Every structure is written in structure tokens, then in C-alpha cells.
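A.B. asks: Dropping the sequence and predicted coords here.
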Amino acid sequence: MNRKVLKRIISIVVGIARWVFLISVGYIALYPLFVMVSNSFMTMEDVLDQSVVYIPKTLTFDNFKTALDKLNFLPALKSTLLIPVLSGMIEVAVCAVTAYGFARFRFKENNFLFGLVIATIAVPSTLLMIPQYTGFYNFDPLKILAVFNKISGKNLQINLLNTGFTMWLPSLFSVGLRSGVFIFIYRQFFKGLPKEFEEAAYVDGANPFTAFLRVIIPSSTVAIITVTVFSLVWHWNEFYLTNMFLLEDNRPLSVMLKIIAGDTTLANGVRMAGALVFIIPVLAIYLVLQRKFIKSIDKVGIVG
């Protein structure tokens, strides 16, 4: 057989095998989403009809109306944006400053402190929930208020539960949800930037903070996009901390979705519609940013 023909046959077989593999993986990944969308538009008659598998005979939007009502959608969406999502955006900014300090400034405790940052990645947030709960219930930074308690005989400690401060404060000090991961990503990227960028800014009279804002940040778009996508997804999906710290009037969508998912009195289509409503905003953001996000992954030190 001609060598060129053999190579052509091998190339075709490899191409077919590649497509079969990609289609199989894509089917496994997208099948739950397909079932969710299908069931969201099914009436109860379609659910009970054994001849209906994926495509409903009659499209209905009643499941979405019920799901939006059960989710308490607008108040829950407001709470989600103002507390978890806002704390995520605070982390995107604050962790960049923290990581820049680790990457560019050499001091005696640098490696030790960064080691502690890496250690926080291995500690699940659920292990810290009880200490955090008690700390926010009787909030007293550095035990300063305890001194005034003894003097005045009154409890001056502040209860921060059911407020956004339970998530804003940790984010503000770079110890929020997944902050260790964000600091690591930023640090890896900053260490790869030439120091000549800042040196040129120093020659022009800039201080380190000005050089960071005007030179480093504009050059770090790929790292910022990566951290932003991760932060939005993780904070949007966060359930355990928000469920513990926030009461009914401030519950975000993740908690409300968990509630209707466990409500056996609701039709399956309603639960599926609620899940679809919950993931649409994050899915839309990812579709908008996915090209830049994928290109940035290989530039921020994320491997394996």
C-alpha cells in the first residue's frame, strides 16, 4: 500500500476517534443540562406520560412562574449581588494587592506567610464555620470592646450575623472564600512580569502603589479575568456560609434553591426550572468571557 495512502487512512481514523471522544465527553457533560431544560418546560401530564422522554408535547412556562415565586427571586437576587457577589469582587481587588506584596517585596517572613496562605487552600471553609459564627455573633476586634464591657458593665460587642459584613470583612482582609487560591494565581502572574516595568515608573517619580495601579494592573488583564470568573462562580454558588450567617430576609439564591430542591411537594419541573434560573446568569457571564478565560489559564500558573 502506498505510504501516502496509509498516512491518509491513519489521519482519517485518528480524526474520527477524536470526534467520537469529544462528542462522548460533551454528551456526558451536557446531558444534565439538557434534562434540566427539557423538564423545566414539561407539564405534569408530560411527566406522567411514558411516551414523552425529552421533548415535551406541550410547552409550559408555569414551572418558571412557580419557581420564581418560591425562590423569592428579586429579594434573593438583590441579596446575592450585594453580599456574596460584592464580597467576591472585593476579593478580586484586595487579593491582587496582597499577592503583589508577596511577589515583589522581599522581607524576612515572606515565605512563611505565603506558606500560611497556601495552607488555607487545604482547609475547607466548613471547618471554620463555627469559630466564624461565634466571632461574628460577638464581634470584638482585638478584644477592645471587652475592656469597655468591664468598665461600663454593658455588653458593647456587636452582632454582625444577618449582615453583609460576615462576608465583606473577610474579603477585605484577603481571608475570604478561596482567597488563598486567588493570591496564588496573582502571585504566579506578577512574578512573571519584568521588573523593568516598575523600575521605569520609579524613574518617572512613581511610588510602588502608583506603579501597581498604573503599570502592573493594566498588564494583568489575563490574571484578573481568571480570578474574576472563579470568584463570581464560587461566590454565586456558595451555600454553607451564607446559610449559616444570613437569615431568611437576606438569603441569597443559592440558599433559596436548596430549600425548593428539598421541597417534595413541588413538581420536578419546578425544581428544574429553579435550577435553570439559578445557573443562567453565571453561564451567560462565562459564555461572554470564556475565550479570554481559556487563553488566560496557561498564563497564570494553573497547571494539572
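C.D. replies: Looks like it came in fine.
A.B. asks: and the most centrally placed residue in the chain, helix, strand or coil?
C.D. replies: Nearest to the geometric centre of the chain sits Trp234, at 2.0 Å (C-alpha atoms, centre = their mean). With DSSP: H, G, I helix; E, B strand; the rest coil as the basis, Trp234 sits in helix.
A.B. asks: same thing with Leu22?
C.D. replies: Assignment for Leu22 (three-state DSSP): helix.
A.B. asks: Quick check: pLDDT value at Tyr186.
C.D. replies: pLDDT recorded at Tyr186 is 93.
A.B. asks: same thing with Leu113?
C.D. replies: Reading off the model, Leu113 has pLDDT 90.
A.B. asks: same thing with Leu289?
C.D. replies: For Leu289, pLDDT reads 76.
A.B. asks: and what of Val300?
C.D. replies: For Val300, pLDDT reads 55.
A.B. asks: is it true that Asn155 lies in a helix?
C.D. replies: No: Asn155 is assigned coil when assessed by three-state DSSP, not a helix.
A.B. asks: Is it in contact with Asn149, as I believe?
C.D. replies: Yes: assessed by C-beta atoms under 8 Å, Asn155 is found in contact with Asn149 at 5.9 Å. Glycine gets a C-beta too; all of them are placed from N, C-alpha and C.
A.B. asks: So which helix or strand of this protein has the lowest pLDDT on average?
C.D. replies: Ranking every helix and strand in the chain by mean pLDDT, DSSP states H and E puts helix 144-152 at the bottom, with a mean of 74.
A.B. asks: show me what contacts the residue nearest to the centre of the chain?
C.D. replies: Gly88, Leu177, Arg178 (C-beta atoms under 8 Å, 6 or more residues apart in numbering).
A.B. asks: per-residue confidence averaged over stretch 220-236?
C.D. replies: 90.
A.B. asks: same check, this time on stretch 204-213
C.D. replies: pLDDT averaged over stretch 204-213 gives 88.
A.B. asks: How far does it sit from its chain's centre?
C.D. replies: The chain centroid and the centroid of stretch 204-213 are separated by 31 Å under C-alpha atoms, centre = their mean, to the nearest Å.
A.B. asks: That'll do, ta.
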